[in-house]
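J.: sequence isn't available, so here's the structure alone:
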């Protein structure tokens, strides 16, 4: 059986509840339903009975009074239905607005998060790196970037399949996210590479964070639901820090990437900058 959407569920609830302008129940659900039904039945019966009598059966004053009473009943019933419809409309608009807000938040989450690992994605990482770099340069704070790469991950895919590899990456993302501070930004950079932005963090503290993550990963043997058992993974890390290693956000990322490949034996070690950095905005 398919599930109802939040909007349709709220609509069904609204049509059977009395709700005031603030969104609170003014009449119990069952009472509101039976009140409308009872009023409709009463008006219908009154009109039916009235239609069975000949006009000459009543005196003029009595005929006028009964007619006025019937008009009042019809007007009251119409007013009751209109009031309930208005209250229902208010509740429906509120529910629809909340649904759109929730949907918008979900879309924002999808736009800036990696669906596999739950970490931030490549796009969000670059946006935040530029923002954090400008903040660090303005206030004279340290800013570190850590690049992480899983060694021999292709062997895992070849041996266990890509579904198991995806499960492993999902758990790696969780471990990395749990190993950093709330103020840090952890992202899946692409494939089996991850990246960290560590605001107000010098090189020594950034290397300690990278070492902590490497230790957590290397000490783990069971991944996912148990499909991977006794698989030892290792992570290479590259660290670069502003202001020691770079004068721009792009250069900071480049130097962290150079340091990563140097740790894998594929690039020369990081070169330190010399001389003061420009503080121009």
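T.: Looks like it arrived, so ask away. This structure is a prediction, so every number in the text was calculated from the model and none was measured.

J.: tell me where this protein has strands.
T.: Assigned by DSSP state E, the chain shows strands spanning 18-19, 25-27, 143-150, 185-190, 193-199, 235-242.

J.: which one of those strands has the lowest average pLDDT?
T.: Among the strands of the chain, strand 18-19 carries the lowest mean pLDDT, at a mean of 44.

J.: one step back: what's the closest of the strands of the chain to residue 171?
T.: Nearest to residue 171 among these is strand 143-150 (11.4 Å), distances taken as CB to CB. Using the backbone N, CA and C atoms, a C-beta is placed for each residue, glycine as well.

J.: who are the packing partners of the closest one?
T.: Applying 3 or more CB pairs under 8 Å, 6 or more residues apart in numbering; DSSP states H and E, we find strand 143-150 packed against helix 122-139, strand 193-199, helix 203-218, strand 235-242, helix 249-263.

J.: may I see those organised as JSON lines, with distance to residue 112 and mean neighbour count added?
T.: Listed next are the helices and strands packed on strand 143-150 as JSON lines, based on distance: least, CB to CB, whole Å; neighbours: other CB atoms under 10 Å:
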{"stretch": "helix 122-139", "distance to residue 112": "4", "mean neighbour count": "16"}
{"stretch": "strand 193-199", "distance to residue 112": "14", "mean neighbour count": "24"}
{"stretch": "helix 203-218", "distance to residue 112": "22", "mean neighbour count": "16"}
{"stretch": "strand 235-242", "distance to residue 112": "23", "mean neighbour count": "24"}
{"stretch": "helix 249-263", "distance to residue 112": "18", "mean neighbour count": "20"}
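
J.: between the ones you listed, which one is nearest to residue 166?
T.: Nearest to residue 166, of the helices and strands packed on strand 143-150 and by CB to CB, is strand 193-199 at 14.6 Å.

J.: sheet partners, orientation included, of that closest one?
T.: Paired neighbours of strand 193-199 in the sheet (DSSP bridges): strand 143-150 (antiparallel), strand 185-190 (antiparallel).

J.: okay, the angle between the longest one and helix 203-218?
T.: Relative orientation of strand 143-150 and helix 203-218, computed by axes from the mean of the first three to the mean of the last three CA atoms, to 10 degrees: 20 degrees.

J.: report the angle between strand 143-150 and strand 235-242.
T.: Comparing the axes of strand 143-150 and strand 235-242 via the same axes, to 10 degrees yields an angle of 170 degrees.

J.: next: the last one.
T.: In terms of direction (the same axes, to 10 degrees), strand 185-190 departs from strand 235-242 by 120 degrees.

J.: in JSON lines: the helices and strands packed on strand 143-150, plus distance to residue 151.
T.: Output for those, formatted as JSON lines (distance: least, CB to CB, whole Å):
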{"stretch": "helix 122-139", "distance to residue 151": "21"}
{"stretch": "strand 193-199", "distance to residue 151": "11"}
{"stretch": "helix 203-218", "distance to residue 151": "10"}
{"stretch": "strand 235-242", "distance to residue 151": "6"}
{"stretch": "helix 249-263", "distance to residue 151": "10"}
